[in-house]
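Need coordinates for the below:
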Amino acid sequence: MKSLKNAVDTTPFPEAVTERLERTDPWVVALGGASAFVALLVILPMFWLLWQASTVELSRTYDLLLSPETARITVNSIGLMGFVTLFSILLGVPLAVLTTRTDLPYPRFWTIVAALPLVIPSYIGAIAFTGMFGSGGEIDSLFGMSVPRIDGLSGATFIITLYTYPYVFLTTRAALLSMDSSLVDAARTLNAGPFEAFRRVTFPQIRPGIAAGALLAGLYAISDFGTPAFMRASVFTSMIYWEFSNFAVEYAALLALQLIAIVAIVLVIEAGIGRDEDASGGVGAKPGTTIRLGRWKWPAMGFISALGTITLVVPVAIFTNWLFRSEGDPIPSLEFEWGFAFNSVRLALLAALVACLFALPVAYYSGRANSLVSRVLERATYIGFAVPGIVIGLALVFLGTRTLPSLYRQGVWLLVFAYVVRFLPQAVGTVRSSVLQVDDKTIEAARTLNAGRIETFRRITLPAIMPGLVAGGILVFLTTMKELPVTLMLQPIGMDTLVSIIWDAQDALAYRYAAIPSLILILISGLSMLVLLRQEGGEIS
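Coordinates of the predicted model:
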C-alpha cells in the first residue's frame with residue numbers, strides 16, 4: 001500500500017528542470033499529448049458504460065434499482081466487504097504484533113508464512129475448498145450433511161478472508177516497524193498494562209496502517225468475481241456476469257454503476273485515511289522492549305502453522321490429489337493442453353508490452369513535470385485499477401458490440417486492451433519510480449554537450465529507467481495471467497486459457513480438470529511475490 005502511494009506522489013524536481021519541462025516546446029507538447037491520449041483510452045470504457053446505462057428508460061431504471069433482488073445483492077455485497085474487512089483485521093493485526101513485537105522464534109520465517117496467502121488468487125482457494133467441502137463436494141458426498149459446507153455468502157467470506165488478511169498484516173507490520181516503540185516503554189513505566197499500553201499508545205500510531213490494509217481487503221472483497229461465483233453467492237460481481245450471460249445487459253449495466261458507486265465511496269475513505277497517515281508520521285523508529293511470550297509462543301507458532309496449512313498446503317494437496325485421479329467419464333474439452341498455457345502466456349506478453357508502451361509517456365511526463373496537468377493525467381490511468389474487472393469487461397463488451405464489431409469479433413486486441421486498462425497502473429507506478437531516480441545532473445551534462453532531447457532520452461534516461469520498465473511489465477504479465485472476469489467476457493471463441501479452463505471445470509463440477517491449470521497459476525503467483533520483494537529491496541525484516 002505504501003509503495004503504491006509513493007509511486008503516485010508527485011516529487012518536485014529542481015527548479016530549473018521543472019521550468020524547462022513546463023515550456024510549450026514540441027517535446028513537452030508531445031509528452032502531454034501522448035499522456036492525454038493514454039488517459040482518454042483508459043477512461044473511455046467507463047464513459048461508454050455510463051452512456052449505455054443512460055439509454056435505459058427512467059421507469060425501467062427505478063424498477064431495476066429498487067427491486068428486492070437488487071436490495072438483496074447490495075446488502076450481500078456490503079456485508080461481504082464488511083465481514084472480510086473485520087476478520088482480516090482480527091487476523092492481520094495480532095500476526096503483525098507477533099512477528100514484530102514479541103520474542104517469537106524465527107520471526108522471518110513466520111512472516112513469510114503469514115504473508116504467502118496473498119500470492120494465491122482467492123478463486124484458486126475457492127475451487128479447492130468447494131470441490132472438497134462445498135455443496136456436492138467430495139466430503140459432502142461421503143458424509144452427507146454431517147460436515148459444515150463451505151459455500152454461499154459465508155463460504156465466500158471465509159475464503160476471501162483467508163487470502164486477503166495479508167493486506168492488513170503487511171501494512172500493520174510496516175507501521176509497527178516504523179513507530180517509536182520507546183513510547184510504549186514509557187507507558188509501561190507509568191504502570192500501564194500491556195493491553196492498556198497497546199490501546200492508548202501503540203494503536204493510535206499504527207491505526208493508519210491498519211486502516212490502509214483493511215480498505216485494501218474490503219476493496220478486494222467487493223471487487224472479487226471468482227470466489228463469489230464459485231461459492232454461488234449473490235453479490236454484485238457474480239450477478240453482473242450472470243445477467244450479462246443471460247443477455248440482460250440493461251440490468252447488468254445498472255448493477256455495474258451501483259458497484260462503481262460503492263467502490264468510489266471506499267476510495268474516498270482511503271484518500272482520507274492516506275492524508276491522516278501522512279499527517280501522523282512520527283520522528284522515526286526506535287526499538288522498544290520485546291514482549292515475552294513464555295509458554296504462549298507454542299500456541300502462537302501453532303496458530304500461524306495452521307493458517308499456513310489451510311491457505312497453502314491444503315489447496316496444493318487437493319489439486320495434487322485430483323491430478324492423479326481419473327474417476328468418472330473423461331471430458332475431452334477439459335483435458336489439459338499446453339496450448340491453454342501458451343494462450344495465457346501470449347495474451348499476458350502482449351498486455352505487458354502494450355502496458356509498458358502506454359506507461360512510458362505517462363510516467364515520464366508525470367515524473368519530470370511538476371504540474372497539475374501531469375498529475376491529473378497520471379491519476380486518470382489508475383481508474384481501471386480501481387474499477388472491478390467485471391465492470392471493465394462489461395463496458396468493453398458494450399463498446400465492442402455496439403461500436404467496434406469487427407474488433408470485437410477478432411477478440412484478441414480488445415481483450416489485450418482490457419488487460420491494459422485494468423493493470424496499466426502497475427507499469428506506470430514502477431516506471432515513474434525509476435524516472436524519479438534519474439540524476440538531473442547527468443541529463444544536464446548531456447544537454448551541455450549539445451545532445452538533443454530524444455538522444456538524451458535514448459542514451460541516458462531510457463537505460464536508467466529500464467529496470468522499472470521491465471519490472472512493471474513483469475507485474476502486468478503475472479496479474480494478467482490470473483485475471484478471470486475480463487478473460488471470460490472477452491476471450492475469442494476457441495481460445496481457451498488457464499483461467500477459462502478452471503472456470504469450465506468448476507462449472508461442470510469436474511474439479512480434477514482444474515488441477516494442472518491451478519497449480520501453474522499458484523507457481524506464477526509465487527513468482528509475483530518474488531518480483532514484489534525485489535521491487536521493495538528483497539528484504540523482510
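
For the longest helix along the chain, name the packing helices and strands.
As assigned by DSSP state H, the longest helix anywhere in the chain is helix 68-101. Helix 68-101 sits against helix 107-115, helix 152-178, helix 203-223, helix 236-245, helix 249-279, helix 297-308, with contacts defined as 3 or more Cβ pairs under 8 Å, 6 or more residues apart in numbering; DSSP states H and E. (C-beta placed from N, C-alpha, C; glycine too.)

can you give me the offset of stretch 411-431 from its chain's centre?
13 Å (Cα atoms, centre = their mean, to the nearest Å).

ignore the last one, stretch 374-386
16 Å.

now stretch 384-391
The answer for stretch 384-391 is 10 Å, by Cα atoms, centre = their mean.

Kindly report the same for stretch 493-511.
With Cα atoms, centre = their mean, you get 22 Å for stretch 493-511.

any idea of the mean pLDDT in it?
Model confidence over stretch 493-511, given as mean pLDDT, is 88.

for the helix or strand hosting residue 49, packing partners?
Element membership of residue 49 [criterion: DSSP states H and E] is helix 26-54. If you count contacts as 3+ Cβ pairs under 8 Å, 6+ apart, helix 26-54 packs onto helix 249-279, helix 338-368, helix 372-380, helix 383-386, helix 389-402, helix 412-436.

moving C-terminal of that helix, what's the next helix or strand?
Trace forward from helix 26-54 with DSSP H and E and the next one is helix 58-65.

Buried residues, that following helix. List them.
Within helix 58-65, the residues that count as buried by 16 or more other Cβ atoms under 10 Å are 61, 64-65.

Quick check: the gap between residue 164 and residue 65.
29 Å (Cβ to Cβ, to the nearest Å).

sorry, that was for residue 415
30 Å.

Equivalent analysis for residue 90, please.
From residue 90 to residue 65 the distance is 34 Å (Cβ to Cβ).

Next: residue 466.
On the measure of Cβ to Cβ, residue 466 and residue 65 end up 49 Å apart.

now swap in residue 510 and tell me
For residue 510, the distance to residue 65 - Cβ to Cβ - is 38 Å.

Domain map for the chain?
What the record gives for the chain is the domain set 1-51+336-541, 61-324, from automatic domain parsing.

got the end-to-end distance for stretch 493-509?
22 Å (Cα to Cα, to the nearest Å).

again with stretch 377-386
Termini of stretch 377-386 sit 15 Å apart (Cα to Cα).

how near is the spatially most central residue of the chain to residue 319?
Residue closest to the average C-alpha location in the chain (Cα atoms, centre = their mean): residue 220, at 6.8 Å. With distances taken as Cβ to Cβ, residue 220 is found 23 Å from residue 319.

same check, this time on residue 157
23 Å.

For the helices and strands packed on helix 26-54, state which one has the densest average packing.
helix 412-436 (a mean of 25; mean count of other Cβ atoms under 10 Å).

Check which helices and strands it sits against.
For helix 412-436, the packing partners by 3+ Cβ pairs under 8 Å, 6+ apart are helix 2-8, helix 26-54, helix 338-368, helix 383-386, helix 389-402, helix 405-410, helix 462-482, helix 485-490.

average pLDDT for it?
Computed over helix 412-436, the average pLDDT equals 86.

again, but for stretch 517-533
The model assigns stretch 517-533 a mean pLDDT of 79.

Show me how far it is from its chain's centre.
Remark: stretch 517-533 is offset 14 Å from the chain centroid, using Cα atoms, centre = their mean.

can you check stretch 231-238 too?
For stretch 231-238, the distance to the chain centre is 19 Å (Cα atoms, centre = their mean).

same check, this time on stretch 70-83
20 Å.

quick one: contacts of it?
The contact list for stretch 70-83 (Cβ atoms under 8 Å, 6 or more residues apart in numbering) reads 64, 153, 156-157, 160-161, 218-219, 221-222, 228, 233-237, 239, 255, 258-259, 262, 266.

Any of those residues buried? List them.
64, 153, 156-157, 160-161, 218-219, 221-222, 228, 233-237, 239, 255, 258-259, 262, 266.
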